[in-house]
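Trainee: Build me a model from this:
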Amino acid sequence: MFGGTVQASSRHPLRSHPPIGTKFAPPPGAPLPFGGEPRRIAALTLIGMWESNGPAVGALGALPTLAAAGALVWAVARPRAEVRQRLGRLALPATVCAVLSLVTSFTLPAAGVHAVWKLAEAFVLLLLLAAVTRWSPLRALRPALPTTALAVVLWPLPLVTGESVLEGIGIVAFWLLPVAAAVAAGAYPRRQERRRRHAVAEARSAQRLQLSRDLHDFVAHDISGIVVQAQAARFVAATDPSQAMLALERIEKAGLNALASMDRTVRMLHGPEAHAAEPLPGLSRLPSLVADFTSAGTTEVRLDMPPRAAEALSREAGAAAYRIIVEALTNIRRHSPDAPRATVALIPTATTVEIRVTNERGTRPVPPRRRASRGGLGLPALAEHARSLGGTLSAGPYGDGGWRLTAVLPAALLEETP
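Mentor: Presented below is the predicted three-dimensional model:
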């Protein structure tokens, strides 16, 4: 039935088998190995393919390379809007490809896998490693990173059988270098992206803080003036309509100021260019602020501001000084609206400008919470702003039931006049 015969070795008859492709014929009447003729033929064919440098072993050796390249193509060959999303999902394909690489490296015969395929496989795995390090979330990165790195550093070991342990360690150490380079190539832009997001978050937080300061320092001041004028107009409307008309005019002016402050705040939200187009109010508007405050209530405010004091402060420090005075006057209106007198004084020195806002005791008893007050939310924020400029701010009781706010801001260098 089979043509040709096989001569077995007399010493080891079971270890000798014909070369693949040689026809085999059993002795007449001998039982068929493997349970029958079809099974015997299939088993001999598989054994021959495994032991030879056949195409099946080469195809299995190329499988990890093709799978890794396919994963990269799957992620990149998409519209630009979808590429980043797919790159972030490469952790699982990279882990599968790394496991395939380890399996094929240590189970297939070394002679059956061409070294070029393994080298290409290591290169593609390095690309996957960089992409996974850059885009994958940390939860998916934890299993993918060590598995892929292990597949890259261990692939040459089955190809260099017979070498010493030290040489094997040297090979692994050598391939750790491209692994470290791939991880660094993915980790650096990832870190830069995280720092950029953190900077954007800090900028947005600072912008929200600036918005809250503007609303508190300027809009709240004007709104409190509107409330005081409305209360005064209600009491004098029946007896003195002319005073009510004056109060309504002041309400209109305070409302326009509040709208201007809100418009400035909205423009600030549109971008730094729009915000820089109109600087914040400075000390040049301090006389009109004091005059409006005096006319709107019962407290007479006296301003003591030498010309040298306004010149000594920079634009930023002058805006901070204006904010501090607005906050101090607003607190007087809220907590001591019937105080007879208040003083706003700017005292320049060689290196600083000291701001003092003092009000006398009102005719009504001061509530206990006023004595323990720390200025609400506005004073702590202004104190922090003053510290950022290199100054200080404090507030507390003064004299017989009065209150004083003291701020010290650094002065710009001025030329001494003769």
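
Trainee: Who are the packing partners of the strand or helix carrying R134?
Mentor: Secondary structure from DSSP states H and E places R134 in helix 115-135. Counting contacts by 3 or more C-beta pairs under 8 Å, 6 or more residues apart in numbering; DSSP states H and E, helix 115-135 packs against helix 55-76, helix 80-87, helix 91-107, helix 138-154, helix 165-214. No exception for glycine: its C-beta is placed from N, CA and C like everyone else's.

Trainee: Give the rounded mean pLDDT of it.
Mentor: Helix 115-135 shows a mean pLDDT of 86 in the predicted model.

Trainee: Stretch 310-317 now?
Mentor: On average, stretch 310-317 scores 84.

Trainee: which residues touch it?
Mentor: With C-beta atoms under 8 Å, 6 or more residues apart in numbering as the test, stretch 310-317 has contacts from 279, 282-284, 318, 321, 346, 348, 353, 389, 391, 409-412, 414.

Trainee: Low-confidence regions, the stretch 1-150 of the chain specifically.
Mentor: Judged by pLDDT under 70, the stretch 1-150 of the chain has its weakly predicted residues at 1-59, 61, 109-115.

Trainee: Measure how the helix holding R134 sits relative to helix 80-87, angle-wise.
Mentor: Calculated by axes from the mean of the first three to the mean of the last three C-alpha atoms, to 10 degrees, helix 115-135 forms an angle of 110 degrees with helix 80-87.

Trainee: List the buried residues of helix 115-135.
Mentor: Under the neighbour-count criterion of 16 or more other C-beta atoms under 10 Å, helix 115-135 has 117-118, 120-122, 124-135 buried.

Trainee: again, but for stretch 99-111
Mentor: Judged by neighbour count using 16+ other C-beta under 10 Å, the buried positions of stretch 99-111 are L100, S101, L102, T104, S105, L108.

Trainee: Pull the distance from that stretch to the chain's centre.
Mentor: How far stretch 99-111 lies from its chain's middle: 42 Å, per C-alpha atoms, centre = their mean, to the nearest Å.

Trainee: Just send the helices and strands packed on helix 115-135 back as JSON lines, with distance to V357 too.
Mentor: Converted to JSON lines, the helices and strands packed on helix 115-135 look like this (distance: least, C-beta to C-beta, whole Å):
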{"stretch": "helix 55-76", "distance to V357": "64"}
{"stretch": "helix 80-87", "distance to V357": "55"}
{"stretch": "helix 91-107", "distance to V357": "61"}
{"stretch": "helix 138-154", "distance to V357": "52"}
{"stretch": "helix 165-214", "distance to V357": "18"}
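
Trainee: Sketch out the strands for the stretch 301-418 of the chain, chain order is fine.
Mentor: Counting by DSSP state E, counting those that start in this stretch, the stretch 301-418 of the chain has strands at residues 341-348, 352-359, 392-398, 402-410.

Trainee: The last one: partners in the sheet, and parallel or antiparallel?
Mentor: Translated: strand 402-410. For strand 402-410, the paired strands and their directions (DSSP bridges) read strand 352-359 (antiparallel), strand 392-398 (antiparallel).

Trainee: Let me know which of those is tucked in deepest.
Mentor: strand 352-359 (a mean of 22; mean count of other C-beta atoms under 10 Å).

Trainee: where does the stretch 201-350 of the chain dip in pLDDT?
Mentor: By pLDDT under 70, the low-scoring segments of the stretch 201-350 of the chain are 207, 210-211, 213-218, 220-221, 264-280.

Trainee: so which of the strands paired with strand 402-410 gets nearest L63?
Mentor: Nearest of the strands paired with strand 402-410 to L63, taken as C-beta to C-beta: strand 392-398 at 71.3 Å.

Trainee: Measure how far the closest one is from the centre of its chain, please.
Mentor: Taking mean C-alpha positions (C-alpha atoms, centre = their mean), strand 392-398 and its chain are 38 Å apart.

Trainee: repeat for stretch 142-161
Mentor: For stretch 142-161, the distance to the chain centre is 33 Å (C-alpha atoms, centre = their mean).

Trainee: does G225 count as helix, strand or coil?
Mentor: helix (DSSP: H, G, I helix; E, B strand; the rest coil).

Trainee: Contacts only, for it.
Mentor: Residues near G225 by C-beta under 8 Å, 6+ apart: R250, I251, A254, D292, F293, A296, R333.

Trainee: Excluding chain neighbours, what is closest to the last one?
Mentor: Read that as R333. Among residues not flanking R333 along the chain, S224 sits closest, at 5.3 Å (C-beta to C-beta, 6 or more residues apart in numbering).
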